[in-house]
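Visitor: quick one: sequence and predicted model below, then my questions.
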Amino acid sequence: MDKFLCSKLALEHFSSKQHTIEYEEFAGNKFEFRTYEVQVAVFGDDFTQPPVTQTVRVRLSDDEYLLLLQWQLQSPNTGFNACYVELSDISATIECQVEDKIFGDNEIGTYAIYLSEIREDVALILNKISHQQ
């Protein structure tokens with residue numbers, strides 16, 4: 001699928017998407033953030049044991065979400081690690097938030113990230129396209 005079509009489809013989906021909003025107060029001001037679900041498989045010290053899966057919500061700007069959605073539309077079967085090539089800043093943003101929410105100070109374990117909400121949105125878009133044809 002070409003980039004222009006992916007961009008158009010992502011923008012259409014974004015405009016009708018039911019967003020999850022979180023709020024945070026700082027210095028008497030209330031800030032609003034859109035958050036998106038990712039699943040994280042956390043491996044223990046014994047790597048031969050199955051990981052523990054956790055759901056985490058990460059904050060992304062509208063532009064970050066749209067770029068990630070367009071990237072996943074172009075590569076629907078590609079995992080999170082592959083987006084480092086084109087979207088390294090967004091990948092780092094997601095990783096930092098995951099690490100902050102799952103691990104303690106000065107602790108980082110072995111984990112894998114699955115872009116669950118992005119993948120669900122891609123599936124919805126692709127399903128809509130297939131029914132229109």
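Guide: On my side now, so go ahead.
Visitor: so R34 is in which element?
Guide: For R34, the element it lies in under DSSP states H and E is strand 29-43.
Visitor: I'd like to know which elements that strand is packed against.
Guide: With contacts taken as 3 or more C-beta pairs under 8 Å, 6 or more residues apart in numbering; DSSP states H and E, strand 29-43 sits against strand 20-26, strand 52-59, helix 62-74, helix 88-102, strand 110-114, helix 116-132. From N, CA and C alone the C-beta is placed, and that goes for glycine too.
Visitor: just name the most buried of these.
Guide: Comparing the helices and strands packed on strand 29-43 by mean neighbour count (mean count of other C-beta atoms under 10 Å), helix 62-74 comes out on top with a mean of 20.
Visitor: look at the residue nearest the centre of the chain and report its pLDDT.
Guide: Nearest to the mean C-alpha position of the chain, by C-alpha atoms, centre = their mean, lies L115 at 4.4 Å. L115 carries a pLDDT value of 97.
Visitor: export the helices and strands packed on strand 29-43 to CSV and append columns for distance to H13.
Guide: Formatted as CSV, those follow (distance: least, C-beta to C-beta, whole Å):
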stretch, distance to H13
strand 20-26, 15
strand 52-59, 18
helix 62-74, 7
helix 88-102, 17
strand 110-114, 19
helix 116-132, 5
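Visitor: picking that back up, which residues touch the strand holding R34?
Guide: Applying C-beta atoms under 8 Å, 6 or more residues apart in numbering, the contact partners of strand 29-43 are 19-25, 49, 51-62, 65, 94, 98, 102, 109-118.
Visitor: would you mark the buried spots in that strand?
Guide: Across strand 29-43, burial judged by 16 or more other C-beta atoms under 10 Å covers 34-38, 40.
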